[in-house]
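Asker: Could you look at this predicted model? Sequence included:
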Amino acid sequence: MKPKWISIPSTLSNGEMEILEIIKTRRSIRRFRGEDVSEEDLMKILEAAIWAPSAGNRQPWEFIIVKDKHLKEKIAEAAYNQKWMTTAPVIIVICADEMRSASRYGERGRSLYCIQDTAAATQNILLAAHALNYGACWVGAFDENRVKEILGIPRNVRPVALIPIGRADEHPKPPSRIPLEKLIHRDGY
């Protein structure tokens, strides 16, 4: 049985978008209509995030929901003036609590596992947003220290991704992909 949040209008006969279709049709959206993201949908999107895998089930992620126009403008400036971000009704700032991972895995947990884990949560956010007919974009280009300052993020918590979310006002074509056969190695590199 599929989780309810995957059920959305689609061209499939059963009315549900299949996960592979969700993965293949998701696009990075940088233009949004004025519609808000409902609190119910926002919670569904974030619930999808917390079901991501994490090393040792440490779940190092933390989420900051930003709707304030002034804060979105400051975040966009910290993201090297990516002003398009301010047109999204919400920006989710995904953070990694480095110490939550380091407490079990030491330096590798602090420097790698918490980043991998929050990346998995970020992917779930993107897929859940798309399944609910929202557009989103994974933004990694930003001044980490400036975002920490703007949002009052504690010392051992690291902002990893900014995800503007809203109803898409564009429909980008699929990007090209390196053919799978060029990327597969068997029994060694």
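Answerer: Done, it's in. Numbers count the residues shown, from 1 in each chain.

Asker: Name the single longest strand found in the protein.
Answerer: As assigned by DSSP state E, the longest strand anywhere in the chain is strand 157-166.

Asker: list the helices and strands that strand packs on?
Answerer: Helices and strands touching strand 157-166, by 3 or more C-beta pairs under 8 Å, 6 or more residues apart in numbering; DSSP states H and E, are strand 90-97, helix 114-131, strand 135-136, helix 144-151. Using the backbone N, CA and C atoms, a C-beta is placed for each residue, glycine as well.

Asker: Gly56: which of the ones you listed is closest?
Answerer: With C-beta to C-beta as the measure, helix 114-131 is the member of these nearest Gly56 (9.5 Å).

Asker: by how many degrees do that closest one and strand 90-97 diverge?
Answerer: 160 degrees (axes from the mean of the first three to the mean of the last three C-alpha atoms, to 10 degrees).

Asker: Okay, angle between helix 114-131 and strand 157-166 too, please.
Answerer: For helix 114-131 against strand 157-166, the angle by the same axes, to 10 degrees is 10 degrees.

Asker: Which other helices and strands does helix 114-131 contact?
Answerer: Secondary-structure packing of helix 114-131 (3+ C-beta pairs under 8 Å, 6+ apart): helix 19-25, helix 39-50, strand 61-66, strand 90-97, helix 98-108, strand 135-136, strand 157-166.

Asker: Out of the ones you listed, the one nearest Leu180 is which?
Answerer: So among the helices and strands packed on helix 114-131, helix 19-25 is nearest, using C-beta to C-beta, at 13.0 Å.

Asker: rewinding a little: need the winner for burial among the helices and strands packed on strand 157-166.
Answerer: Mean neighbour count, computed with mean count of other C-beta atoms under 10 Å, is highest for strand 135-136 among the helices and strands packed on strand 157-166, reaching a mean of 27.

Asker: what packs against that one?
Answerer: Contacts defined by 3+ C-beta pairs under 8 Å, 6+ apart place strand 135-136 against helix 114-131, strand 157-166.

Asker: ok, the spatially most central residue of the chain - contacts?
Answerer: Central residue of the chain (C-alpha atoms, centre = their mean): Thr122, 3.2 Å from the mean position. Shown in contact with Thr122 (C-beta atoms under 8 Å, 6 or more residues apart in numbering): 49, 94, 138, 160-161, 163.

Asker: Need the helices and strands packed on strand 135-136 in CSV (columns: distance to Arg31 and mean pLDDT).
Answerer: Formatted as CSV, the helices and strands packed on strand 135-136 follow (distance: least, C-beta to C-beta, whole Å; pLDDT from 0 to 100):
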stretch, distance to Arg31, mean pLDDT
helix 114-131, 15, 98
strand 157-166, 9, 98
